[in-house]
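Peer 1: model this:
(chains A and B)
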Amino acid sequence: MTLRSRFITAWIGATLLVMPTTGLAADANPANYPSLSTMQMGHVRHMINLANQLDGDFSLMGETDPVYYMSFHAYQFQIAFAAYALASAHYHYTPAHRDLYQEASAQLVKRMIYKDVWDYWAHTSKFDLTDRTETNSGGERMVNYSEDDWYGWIDPNIKKNIMYSGHLLQMLGLHAVLFDDDRYDEPGSLTFRFAPVAYGEDPIVMEYDHNRLAKVIHEQFVEDRFRGIECERNAVYAECNQHPILGLMHYDFKHGTQLSPEVRREFKKTMEHRGYVSPETHTTMYFLKVKQDEVVPGTYAWGDGWNGHAQHAWDKEYIESIYPYQVERYMPDMLRGWPFENMGWTASFDFGWFALLASEVGDTETVQAMTDYADEHFEPTWRDGGYYYPNSPDYTWNFNRDWLGYIQNVGPVTGNVLVGFARINPKDGLWEIYNRPWEKSHFAEPYITDVEYLEANVTQAVYDPEKEALIVTLTPGPVKSESTSFTVRQLDPTKTYSLIKDGEGVGEVNQSSGTTPPGADWQEDGSLRIVTGLSSPHSFVLQAKPSRLAEL
Amino acid sequence: MLNSRGGGRENAFNGRFLRNMCEIARVFLAIAMGLTVAACTEGETGPVSTENITHEQVREFLLGHPELILDDPEIANAIERARSNRTKKLAASYRRSVIEDQTDLLNSPLTPSSGETSAEVTIIEFYDYRCAPCIASHSGLEQVRSTDSNVRIVYAQLPTFGSHSIMAARAAIAAQRQGHFEAFHAALMTTNTHPDIDSIYATAAEVGLNVEKLRADMRDPQVIQYLERVRLLAEALDVTGTPVFIVGSAILRGGTTADELHAEIARQRAQGEKMGEVSNVTS
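Peer 2: Residues are numbered from 1 along each chain as shown, chains lettered A, B, ... in the order given. Below you'll find the model as predicted:
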């Protein structure tokens, strides 16, 4: 090598050593991170709108069904699955923006323990749902249960009714893990109030908390020898037992216990031994009649979807192994049939829950087909920034296809929650939440807060620790605004960050020196406030610049 | 004794006289007894004085004759009314205690109100600027405000109709901060259209508010937290929609008129009802 070439080589090397790396290394690109689409954000907003309704206001949530028949459109299912859908949205798209979801989660728990949601149990607990007799007019009526406690009981959690308590447990677990929020560990944090039995008396009060609920449910699994906890008396549903299992998984994670491994292992044994999922048809049973020890087989898309999407979170390979049989059975026949064909009472449920299963196992083609179908046939509606499918006016009794053979029956759980959940939930959505729960380190990372959610949607908020970059995208919300702001917290005060807006460098921020570009200000508490116009979407990247010493 | 040997005719007379006298006396006695019975039975068809009957006696009687309650529909209805009244009293008492606990909130500088805090009767109106019955009730409430100086009205924001309701509620509190709540409130309650963000700002400008300060205050966490406290108060009072008027410790749900409000106020005053006293309530 000549002297000249050695000089040039050395000069190039020295330049590389001292040159800042921004622009040379791979910058964080918002397009490379998950982002909620307009419709996904609409579904999120709709569920949050439902969560924020006043106590006792169940507008848009349909009607409670009579005691005789526990419909799957019941409030508890809408509330619970809304919580799960929002959990998926937060975990996968906005892990660095949690206050909106944390508040919504708490609101949903509050709604879940409101009496209108669970007080059906005082009556339902009196009856053996499976034990019916014919009336003189040719109908059916339930007979009273013959045990000595046929008068029933009010407490919706103490035993059976896993179709309620299991969901509550799962909701509590999600809240604790996703937000590192232990408020429901406080004794009495979940207070159930039942109407007074006699005039002039105080309400009947039942106090629970996360710990007590987990204990009560775990003990029932053990007491029932892991065959599953009953919903109504004498009826064990596989899908209804998935939710307390997931709830126990998160309970274990937060509290260092080992309640769920045994339950999963033994319940799976029971499922296999008793054929809760038929080895022939690969479909989930309808339910187990406990007294008669009889499995009632079923071939319902709702049953497979409901059970499968949740079991996938802890039994991924198995559910993915039977899914092809199920999708072949139900699709695409579910979507179109004979004009005016009576699809049966499961019409709406079949659609919603199967779409959810398809999303969880990653069958994006089916999810796309079903959500497109909903957009075309279910009269999608925008309301106060929320996107949903209103109930068909006769959803409680008219299960017929329309004159072209399309599904026209849309109930509240499907229209308010399930289709949106299927659209939001990515492949392995729940599996990741339950197998890769966030550690404490997640909550020490930079995040955003103080977003005016009425004005702005946060469609993307993620911190990439490898790139040391916070990526945020805002889009206009339901209330028009010329500008909005958000606050960034937990930036490293020793680091300098490049602020990049819509792909263009805006400047640098450094807390120690107080450096900020226009539109950004350091607050007294060490947070960084960023102001932006909001007539159109904007993305922001705050990426730490490596120090030159670190490079050397 | 008559002389039987020498007075036979006199003896016969005397006997007839005695017999007649006895007959007269018997009739007299019968009449007297009849009058006495009549006097005694007169009380059975009219009100009987209970001054001397003790509760213990009534209790003993009912324990011995419980079928009286079952068989007499009037008694059964009276018991039902008593039960209902007791429930209402308990509810009113509870509402009163909730309101007393929230005195700091109701007297907060952020709380729009009219009248003195020492007023005889306080009306708390929970409302939403996009709520049609709320708007329809506005004139009636205003009439009460202008005609009764011994009434305090507290304007409690309870947005229930979505994002623009929330914004309007925040704007109202922001207007309160600038001391212009009354004009702003009246303007929003008398408009023909549901407020949206543009009309909220336009209305603010029209009534002389500093719109930039209004915008900033609408985003102030203190304002947002204040509205959350009002919502919690509403929930504690079992307010599940709008409008709701808490008049003293009574609760009127739905749209109302000046006459209804005056009637409730008058009823409470007539009963001597103040904070801490309840005798007969509406729920």
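
Peer 1: going forward, measure contacts and count neighbours with C-alpha atoms only.
Peer 2: OK.

Peer 1: Check whether stretch A:522-530 comes near chain B.
Peer 2: No: using CA under 8 Å from any CA of the partner chain, we find that stretch A:522-530 stays clear of chain B, coming within 13.5 Å at best.

Peer 1: and chain A, which residues reach chain B?
Peer 2: Counting by CA under 8 Å from any CA, the residues of chain A close to chain B are A:49, A:53-57, A:199-201, A:384, A:452, A:454, A:478-480.

Peer 1: closest to chain B among these?
Peer 2: Taking CA to the nearest CA as the measure, chain B lies nearest A:G200 of the residues of chain A next to chain B, at 4.4 Å.

Peer 1: what does the stretch 151-283 of chain B have sitting close to chain A?
Peer 2: Counting by CA under 8 Å from any CA, the residues of the stretch 151-283 of chain B lying close to chain A are B:T160, B:G162, B:S163, B:H164, B:D196, B:I197, B:R219, B:E235, B:T240, B:G241.

Peer 1: Save the residues you listed as a markdown table, and put in secondary structure too.
Peer 2: Listed next are these as a markdown table, based on DSSP: H, G, I helix; E, B strand; the rest coil:
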| residue | secondary structure |
| --- | --- |
| B:T160 | coil |
| B:G162 | coil |
| B:S163 | helix |
| B:H164 | helix |
| B:D196 | coil |
| B:I197 | helix |
| B:R219 | coil |
| B:E235 | helix |
| B:T240 | coil |
| B:G241 | coil |
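
Peer 1: circling back to that earlier point, among the residues of chain A next to chain B, which ones are in helices?
Peer 2: Residues of those located in helices (DSSP state H): A:N49.

Peer 1: most surrounded residue in the residues of chain A next to chain B?
Peer 2: With neighbours taken as other CA atoms under 10 Å in any protein chain shown, the top of the residues of chain A next to chain B is A:L54, carrying 22 neighbours.

Peer 1: Show the contacting residues for that one.
Peer 2: Contact analysis of A:L54 by CA atoms under 8 Å, 6 or more residues apart in numbering or on different chains lists B:T160, B:E235, B:T240, B:G241.

Peer 1: Pick the one among the residues you listed closest to chain A.
Peer 2: After measuring the contacts of A:L54 against chain A - CA to the nearest CA - the closest member comes out as B:T240, at 5.8 Å.

Peer 1: That closest one is in contact with A:F58, isn't it?
Peer 2: No: in terms of CA atoms under 8 Å, B:T240 does not count as a neighbour of A:F58; the distance is 10.2 Å.

Peer 1: and those two? which has more neighbours close in?
Peer 2: Counted by other CA under 10 Å, B:T240 and A:F58 do not tie: B:T240 has more neighbours, with 20 against 17.

Peer 1: Quick check: pLDDT value at that one.
Peer 2: B:T240 carries a pLDDT value of 88.

Peer 1: how close does the nearest residue to A:D99 once chain neighbours are set aside get to chain B?
Peer 2: Spatial nearest neighbour of A:D99, chain neighbours left out: A:T449 (6.6 Å); criterion: CA to CA, 6 or more residues apart in numbering or on different chains. Using CA to the nearest CA, to the nearest Å, we find A:T449 at a distance of 12 Å from chain B.

Peer 1: likewise A:I407?
Peer 2: Note on A:I407: its distance to chain B, by CA to the nearest CA, is 30 Å.

Peer 1: Can you list phi and psi of that residue for me?
Peer 2: Main-chain torsions, A:I407, degrees, to the nearest 10: phi -70, psi 130.

Peer 1: so it touches A:A374, yeah?
Peer 2: No: A:I407 lies out of contact with A:A374 (CA under 8 Å); the separation is 9.2 Å.

Peer 1: Show me which of these two is the more surrounded one.
Peer 2: Using other CA under 10 Å, the more surrounded residue of A:I407 and A:A374 is A:I407, with 27 against 24.

Peer 1: Which pLDDT value goes with the more buried one?
Peer 2: At A:I407, the pLDDT value in this model is 96.

Peer 1: Return the residues in contact with it.
Peer 2: When contacts are counted by CA under 8 Å, 6+ apart, A:I407 touches A:L335, A:R336, A:A347, A:H377, A:N400, A:R401.

Peer 1: how far does stretch A:46-56 stretch from start to finish?
Peer 2: Start-to-end span of stretch A:46-56 (CA to CA, to the nearest Å) is 18 Å.

Peer 1: wait, stretch B:189-199
Peer 2: Start and end residues of stretch B:189-199 are separated by 12 Å (CA to CA).

Peer 1: what's it in contact with?
Peer 2: By CA under 8 Å, 6+ apart, stretch B:189-199 touches A:V479, A:K480, B:Y129, B:R130, B:I135, B:H138, B:H164, B:S165, B:M167, B:A168, B:L188.

Peer 1: out of the residues you listed, which are inside helices?
Peer 2: Using DSSP H, B:I135, B:H138, B:H164, B:S165, B:M167, B:A168, B:L188 are the members of those that sit in helices.

Peer 1: and stretch A:108-128, average pLDDT?
Peer 2: Here the average pLDDT along stretch A:108-128 is 90.

Peer 1: Which residues in it does the neighbour count mark as buried?
Peer 2: A:108-114, A:116-122, A:124-128 (16 or more other CA atoms under 10 Å in any protein chain shown).

Peer 1: which residues does the residue nearest to A:P244 when sequence neighbours are not counted contact?
Peer 2: In space, and not counting its chain neighbours, A:P244 is closest to A:G166: 4.2 Å by CA to CA, 6+ apart. Contact partners of A:G166, counting by CA under 8 Å, 6+ apart, are A:I217, A:C240, A:N241, A:Q242, A:H243, A:P244, A:I245, A:G247.
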